[in-house]
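Colleague: Could you look at this predicted model? Sequence included:
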Protein chains: 2
Amino acid sequence: MADQLTPMIQSCVMHFGEMGSRWGINRTVGQMYALLVLSEEPLCADQISRALGFSRSNVSMGLKELQSWELVRLKHIPGERKEFFSAPDDVWEIAKTLIEQRRKREIDPTLSTLRGLLLEQPANREEEYAQARMQEMHELIEMLTQWTTEIQRLNRSNLQSLLKMGGSLGKVLDMKDKFLSRS
Amino acid sequence: MADQLTPMIQSCVMHFGEMGSRWGINRTVGQMYALLVLSEEPLCADQISRALGFSRSNVSMGLKELQSWELVRLKHIPGERKEFFSAPDDVWEIAKTLIEQRRKREIDPTLSTLRGLLLEQPANREEEYAQARMQEMHELIEMLTQWTTEIQRLNRSNLQSLLKMGGSLGKVLDMKDKFLSRS
DNA sequence: CTGTAATTTCAGTAATTACTGAAACTAATG
DNA sequence: CATTAGTTTCAGTAATTACTGAAATTACAG
């Protein structure tokens, strides 16, 4: 990837920067990641720094963050002294990592807090009601996360077959019904 | 809900405040919403302001934001001049709204940007590769969102039945296989 | 219409988060 | 083991976002 990004790549990188902030990663890290995903060859920190025009130290921190999310891998290019980074080739791999990491950061702590509070004895009518809501939340969240865990287990080919079904849960559920009614 | 929160409710409210920042809503809005969800009766802005100890104007802005997310409804209590607010009773209702709103804000813009870029003619080898990645991303995201759209269509009882299946996609897929092999 | 309770707006300020450049550190090379 | 290419750390600063209090607005009751 050259110092000068092509307009198309530029647009995409910028967009991911904008969205980055809505996604809990900051603008620069978003841009960096888009660049890595769109680049066929691994990139070194300097290349990223030049291509996006922010400081070398910022790139260093950004890469560290991306590594903590397990979204990039470190590649050593033979004969090169620098470290090179790349995003996984498989987009589904990336998505799975994202889902998992977000669950860890955004869901799990809440589940465990709720569990803790549900163990307490309600002191009055008010707490009874509150606990009932917490119980519902806990059940629902747990179900949804279990669901995504299952999706994460899918490999590319199962995913493909779902994709061919139009990604439609409705159809899968229909099948469940048909199956059950035949049993 | 009294001015003084019970310790249990307090903990829950605080937790949702902390998590708020990871969820793209800020700390105070997170606390406000937790309070509304946990409270059996609708609350007015003053009550919220007193219970959580932030300024009346901050509460006003927070409520406005929650309304823009369609997460609260306005209730007029007969004989009362003030406006009262409440969260939907059904937790699943809340979750559906959250999913939908996040899709609108975090996914849709990206889909449309990608679509736009995919219409362009690649200028060189580099852009060809980049476009291929964008294509994969677009397909994957579209599939996952279609999936969640289907989930959103479920009503409480279908949801319940999935819940009873252990929320397991694996089992649903097994059924699909069994059904197909019998046909 | 007038007075008053309630809500909203907004300019100013506080708090948080993002970014940089200089210096410190690390490790490969001759 | 000295040199140097490369990376990381971190204190300082810039930019963004969150929050407040005072003033403006709304809307209802008499």
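Modeller: Noted; the coordinates are in hand. Note that the structure is a prediction, hence the values are computed from the model and not measured.
Colleague: Give me the nearest residue to the residue lying farthest from the centre of chain A, chain neighbours excluded.
Modeller: Going by CA atoms, centre = their mean, the residue of chain A most distant from its centre is A:Asn124, 40.7 Å out. Distance criterion CB to CB, 6 or more residues apart in numbering or on different chains; nearest residue to A:Asn124, sequence neighbours excluded, is B:Thr6 at 7.3 Å. Quick note: C-beta positions are derived from backbone N, CA and C, even for glycine.
Colleague: cool, A:Leu5 as well?
Modeller: A:Ala51 (5.9 Å).
Colleague: Just confirm yes or no for the helix or strand that contains the one you found near DNA strand C.
Modeller: Applying DSSP states H and E as the criterion places A:Ala51 in helix A:45-52. No - applying CB under 7 Å from any atom of the strand, one finds helix A:45-52 separated from DNA strand C by no less than 8.2 Å.
Colleague: Show me which residues of that helix are buried.
Modeller: A:45, A:47-52 (16 or more other CB atoms under 10 Å in any protein chain shown).
Colleague: Could you tell me how far the longest helix along chain A lies from the centre of the chain?
Modeller: Using DSSP state H, we find that the single longest helix of chain A is helix A:125-153. How far helix A:125-153 lies from its chain's middle: 21 Å, per CA atoms, centre = their mean, to the nearest Å.
Colleague: hang on, the earlier thing: from B:Gly30, how far out is the residue nearest to A:Leu5?
Modeller: From A:Ala51 over to B:Gly30 the distance is 37 Å, taken as CB to CB, to the nearest Å.
Colleague: go on, A:Glu41?
Modeller: Distance from A:Glu41 to B:Gly30, counting by CB to CB: 42 Å.
Colleague: Neighbour count: these two, which is higher?
Modeller: Taking neighbours as other CB atoms under 10 Å in any protein chain shown, A:Glu41 and B:Gly30 compare with B:Gly30 leading, 23 against 12.
Colleague: quick one: is stretch A:23-30 near DNA strand D?
Modeller: No - counting by CB under 7 Å from any atom of the strand, DNA strand D has no neighbours in stretch A:23-30; the shortest distance is 8.3 Å.
Colleague: distance between that stretch and the chain's centre?
Modeller: The chain centre lies 12 Å from the centre of stretch A:23-30; the measure is CA atoms, centre = their mean.
Colleague: in it, what counts as buried?
Modeller: In stretch A:23-30, counting by 16+ other CB under 10 Å, buried: A:23-26, A:28-30.
Colleague: Quick one: which of those has the lowest pLDDT value?
Modeller: pLDDT across the buried residues of stretch A:23-30 is at its lowest for A:Gly24, which sits at 85.
Colleague: Name the SS class of that residue, please.
Modeller: coil (DSSP: H, G, I helix; E, B strand; the rest coil).
Colleague: thinking again about what came up before, does DNA strand D sit close to the helix holding A:Ala51?
Modeller: Yes - using CB under 7 Å from any atom of the strand, we find that helix A:45-52 touches DNA strand D at A:45-46.
Colleague: What is the subsequent helix or strand relative to that helix?
Modeller: Note on helix A:45-52: by DSSP H and E, the next helix or strand toward the C-terminus is helix A:56-68.
Colleague: Kindly calculate the angle that that next one makes with helix A:45-52.
Modeller: Interaxial angle, helix A:56-68 versus helix A:45-52 (axes from the mean of the first three to the mean of the last three CA atoms, to 10 degrees): 110 degrees.
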